[in-house]
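> model this:
(4 chains)
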Protein chains: 2
Amino acid sequence: MARKHITPGKIRLAEVAKLAGVSPITASRFFRNPDALSAGKRARVESAAKELGYVPNLAARALASQRTEVVGVLIPSLTNNVFADVLRGIYDALDGSRYSIQLANTRYSILQEERLLRLFLAQKPAGLIITGINQTADSRRIMETVDCPIVQIMEVGPSPIDMMIGFSHFDAAKAAIAHLLAQGNRRIGFLGARMDPRVQRRLDGYRAAMTEAALFDPQLIVTTAIPTSVTLGGTLFADLLAKTPDIDAVFCVNDDLALGALFECKRRHMAVPEQMAIVGFNDLEFMASSEPTLSSVRTNRYEMGRNAAMMVIATLEGRRPAEPIVDLGFSVMERQSSARRS
Amino acid sequence: MARKHITPGKIRLAEVAKLAGVSPITASRFFRNPDALSAGKRARVESAAKELGYVPNLAARALASQRTEVVGVLIPSLTNNVFADVLRGIYDALDGSRYSIQLANTRYSILQEERLLRLFLAQKPAGLIITGINQTADSRRIMETVDCPIVQIMEVGPSPIDMMIGFSHFDAAKAAIAHLLAQGNRRIGFLGARMDPRVQRRLDGYRAAMTEAALFDPQLIVTTAIPTSVTLGGTLFADLLAKTPDIDAVFCVNDDLALGALFECKRRHMAVPEQMAIVGFNDLEFMASSEPTLSSVRTNRYEMGRNAAMMVIATLEGRRPAEPIVDLGFSVMERQSSARRS
DNA sequence: CAATCGCTTGGTAGCGCTGTCAATATCGGT
DNA sequence: ACCGATATTGACAGCGCTACCAAGCGATTG
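Below is the predicted model:
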């Protein structure tokens, strides 16, 4: 005999089947496809499982069936509030379903992402949710050959690997600048941190809007690769002011930077929006309750996560969404910080 | 024959073993305990695995070995920045190790927690990290009988289930109040939201400090079960002012509330700290760069997560920490918002 | 009334890996 | 040169579940 202790009290599917008076395979079917059983057996298996407190062994199930019920989620940051909202949506959508979540943090590195991707796929996940549309060529090839639903989130673009949900960061930034221009601002600065691909596209949107208005000036742009923070917002804003003291507005690629810029304005006794208009990005909760309230570009992060997870589930259940690309849009929340100066 | 397609190209341990000219079990040992192999075989297996691009089947491994290399993490919220930092610490500590993380969100419900706990334990995790010291009696019993390292995080208290890392929320709140008293404040309000067990203990600390100073007045306390937010901070602060207009300071159970209170002060043209001192809790990044800078109680969240994960790993590797309870302490960050009025 | 059909159910044989234990190789000490 | 001890290695069986196929069965049909 190979195994020493056979743990006599352990409840396996066989025990449930015996108590219910059916074969193990019938009991197995009860858990995966109860409709295939007759009502009588179904009830018998159900009560037997409950009585014995049966808990299926997921490893055995995965081994025998060659698949798991894990949805892998690859996001670049755990700290960023933006992803917290997305994650909440994903968890909410998958909560109560048969699927569980395996989360991995790519730290904004597509090489790290590729490594984690390989790790995930070794586990034969039921589905995959991955951030953005910029993956390594190898990552893309791997994902294209894998047979599970994959949803790219956070932005939309051409040629999805499988499915895609997000919005256009380019258009969103452009709309924010259009709003600032409409309010009469001319020298509009740009504050960017971490400069990941999506932030880069916001910069592109800014550049396009400014160029169209014949107001583009590279001196107006301050960016850094440093991760974002409120403190950094203040620092970058100070840098911008040092370079171009004549700016009348600033567009920040996220709300943390915007809040930092606001505080820096206060420290300098610079009135917002009278002397300096500010617009952020993401519309985190605090933007609506600061003093003055801060304008921002609202993005539907929770819905993005929720829908991405629902798209995965739907595909797994054979109800694949008709449209593989979902654009959730955005809206420019116009608040006090960018109100037209009276 | 039971299986139809035997997927001829698939790389199993047997293929690696054959190429390396060893038995499968020897190849298996290479992955779990390479030191047990002779140098020659080790090299042969290693190169064979690399050549074939072997990826171990985790399900088979888990089934055969009756355990996994997954560390379960139970936290009450994904949105709360506090847990983002803890999680970052956990991921950092486990990154590069053989262990992976399974994350679950209890939504501040100990019943939900118990349900998720059962789900986790069915997967025979290598270890468990769970938030707080208030679990259901059933949860506790289950965990006490389970044979894997368990670390309770976020606070310390008597009788850990296994190990524990955190700090005393009671003492931390008491220290914050002591600071406010030392700055000459007398009517110190209390703002609390979500009132989970740890927040409750902060309230206890507040009450103790105020009672010792013979300044306790229940009218000074405003709490709600609503989840916290900056906006809520403003609202609660307004409620508090309506009840007790004579307060000279306010202690907020977290930094979001403190920021909301600060903005509300600004809206009311109430000078901080001259007319109103403010102290928050957690010392999130923005507290140091607001205008005025906000005092807070710094807690070592990243280290908490990191150390918790390291305690799990150490235990799994037979290097169990000598001291099962680790108190990471806290420090009161005294900033402009609570500076003594001149 | 036999042939056919669809629905349920069960038997068999692994999924890929590792625990146990036995067998063999190696080694130092006397 | 012999002995026991230690380091390596391999054989075997089975972890708990499910894929596949086939069989049973009552109902339907020409």
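> host element of the closest residue to A:S77 other than its chain neighbours?
Excluding the flanking residues, the one nearest A:S77 by CB to CB, 6 or more residues apart in numbering or on different chains is A:F83, at 5.6 Å. For every residue, glycine as well, the C-beta is placed using N, CA and C. Here A:F83, judged by DSSP states H and E, is contained in helix A:81-94.
> quick revisit: next, find the distance separating the residue nearest to A:S77 from A:G280.
Computed with CB to CB, to the nearest Å, the distance linking A:F83 and A:G280 is 17 Å.
> what does A:K50 give?
For A:K50, the distance to A:G280 equals 52 Å [CB to CB].
> A:F30 contacts A:R42, doesn't it?
Yes: judged on CB atoms under 8 Å, A:F30 makes contact with A:R42 at a distance of 6.2 Å.
> follow-up on the earlier one: packing partners of the helix holding A:F83?
strand A:70-75, strand A:100-105, helix A:301-316 (3 or more CB pairs under 8 Å, 6 or more residues apart in numbering or on different chains; DSSP states H and E).
> how's chain A carved up into domains?
Domain assignment for chain A by automatic domain parsing gives A:13-56, A:70-168+A:301-331, A:169-297+A:332-338.
> all strands of the stretch 201-342 of chain A, in order?
If you assign secondary structure with DSSP state E, counting those that start in this stretch, the strands in the stretch 201-342 of chain A sit at A:221-224, A:249-252, A:277-279, A:296-299, A:325-327, A:330-333.
> pretty sure A:G166 is in a strand, no?
Yes: following the definition DSSP: H, G, I helix; E, B strand; the rest coil, A:G166 is counted among the residues of a strand.
> What score does it have for pLDDT?
In this prediction, A:G166 carries a pLDDT score of 98.
> So what sits opposite it in the bridge?
On the basis of DSSP bridges, A:G166 takes part in beta bridges with A:M154, A:D327.
> circling back: including distance to B:E323 and mean neighbour count, could the domains of chain A go into a markdown table?
Written out in a markdown table, the entries for those read as follows (distance: least, CB to CB, whole Å; neighbours: other CB atoms under 10 Å in any protein chain shown):
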| stretch | distance to B:E323 | mean neighbour count |
| --- | --- | --- |
| domain A:13-56 | 34 | 16 |
| domain A:70-168+A:301-331 | 28 | 20 |
| domain A:169-297+A:332-338 | 34 | 21 |
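> Worst mean pLDDT among those domains?
The minimum mean pLDDT among the domains of chain A belongs to domain A:13-56 (a mean of 88).
> roughly how far out does it sit from the chain middle?
Relative to its chain's centre, domain A:13-56 lies at 38 Å (CA atoms, centre = their mean, to the nearest Å).
> can that domain be found next to chain B?
Yes: Domain A:13-56 comes into contact with chain B when judged by CB under 8 Å from any CB of the partner chain, the residues involved being A:V55, A:P56.
> Can you show me the CA trace of stretch A:141-156 as CSV?
The C-alpha atoms that make up stretch A:141-156 are tabulated as CSV, following Å, rounded to 0.1, in the frame of the first residue of the first chain:
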residue,chain,number,x,y,z
ARG,A,141,0.9,35.1,-29.1
ILE,A,142,0.5,32.9,-26.0
MET,A,143,-2.9,34.4,-25.3
GLU,A,144,-4.1,34.0,-28.8
THR,A,145,-3.4,30.3,-28.7
VAL,A,146,-5.0,29.8,-25.4
ASP,A,147,-8.5,28.4,-25.3
CYS,A,148,-10.2,30.6,-22.7
PRO,A,149,-12.0,33.9,-22.7
ILE,A,150,-9.7,36.9,-22.3
VAL,A,151,-10.9,40.4,-21.6
GLN,A,152,-8.5,43.3,-21.9
ILE,A,153,-9.7,46.2,-19.7
MET,A,154,-9.1,49.9,-19.1
GLU,A,155,-9.0,50.9,-22.7
VAL,A,156,-10.2,50.2,-26.1
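> I'd like the helices and strands packed on helix A:81-94 as TSV, with distance to A:G184 appended.
Conversion of those to TSV gives the following (distance: least, CB to CB, whole Å):
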stretch	distance to A:G184
strand A:70-75	39
strand A:100-105	43
helix A:301-316	31
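> Do stretch A:241-260 and chain B come into contact?
Yes: using CB under 8 Å from any CB, stretch A:241-260 reaches chain B at A:D256, A:L259, A:G260.
> could you show me where the helices are in the stretch 51-200 of chain A, in order?
Per DSSP state H, counting those that start in this stretch, the stretch 51-200 of chain A has helices spanning A:58-65, A:81-94, A:110-121, A:137-145, A:169-182, A:197-212. These are given in chain order.
> same for the last one, what does it pack against?
Using 3+ CB pairs under 8 Å, 6+ apart as the contact test, the elements touching helix A:197-212 are strand A:150-155, helix A:169-182, strand A:188-193, strand A:221-224.
> Distance to DNA strand C added to those, as TSV?
Shown next, in TSV, are the helices and strands packed on helix A:197-212 (distance: least, CB to the nearest atom of the strand, whole Å):
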stretch	distance to DNA strand C
strand A:150-155	23
helix A:169-182	42
strand A:188-193	44
strand A:221-224	45
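> rewinding a little: quick one: the residue nearest to A:S77 from A:P324, how far?
Look at A:F83 and A:P324: by CB to CB, they are 23 Å apart.
> Over to A:L121?
Taking CB to CB as the measure, A:L121 and A:P324 are separated by 20 Å.
> same question, A:D92
22 Å.
> Kindly report the same for A:L284.
Here the criterion is CB to CB. By it, A:L284 lies 29 Å from A:P324.
> residues contacting the residue of the stretch 151-300 of chain A found nearest DNA strand D?
The nearest approach of the stretch 151-300 of chain A to DNA strand D comes at A:D162, 22.4 Å away (CB to the nearest atom of the strand). Taking CB atoms under 8 Å, 6 or more residues apart in numbering or on different chains as the criterion, A:D162 is in contact with A:M143, A:P149, A:I150, A:V151, A:Q152, A:P324.
> Tabulate the domains of chain A in a markdown table, adding columns for distance to B:A20.
Shown next, in a markdown table, are these (distance: least, CB to CB, whole Å):
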| stretch | distance to B:A20 |
| --- | --- |
| domain A:13-56 | 35 |
| domain A:70-168+A:301-331 | 20 |
| domain A:169-297+A:332-338 | 42 |
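> Specify the beta-bridge partners of A:G72.
A:G72 forms beta bridges with A:Q102, A:L128, as assigned by DSSP bridges.
> Now do the helix holding A:F83 against strand A:70-75, angle only.
Between the axes of helix A:81-94 and strand A:70-75, defined by axes from the mean of the first three to the mean of the last three CA atoms, to 10 degrees, the angle is 170 degrees.
> which residues are contacting helix A:81-94?
A:71, A:73, A:75-78, A:100-101, A:103, A:129, A:131, A:153-154, A:254, A:282, A:284, A:299, A:301-310, A:313, B:78-79, B:81, B:84, B:105.
> try stretch A:110-117
A:L74, A:P76, A:A104, A:T106, A:I130, A:N134, A:Q135, A:T136, A:D138, A:S139, A:I142, A:M143.
> who touches the nearest residue to the second one once chain neighbours are set aside in this structure?
This means A:P76. Distance criterion CB to CB, 6+ apart; nearest residue to A:P76, sequence neighbours excluded, is A:Y108 at 4.4 Å. Under the criterion of CB under 8 Å, 6+ apart, the contact partners of A:Y108 comprise A:P76, A:S77, A:R194, A:D196.
> where's the first one relative to DNA strand D, distance?
Which is A:P76. Taken as CB to the nearest atom of the strand, to the nearest Å, the spacing of A:P76 relative to DNA strand D amounts to 34 Å.
> shouldn't that residue be in contact with A:T131?
Yes: counting by CB under 8 Å, A:T131 is a contact partner of A:P76 at 5.6 Å.
> Spit out the residues that contact these two alike.
For the pair A:P76 and A:T131, residues contacting each of them under the criterion CB under 8 Å, 6+ apart are A:F83, A:T106.
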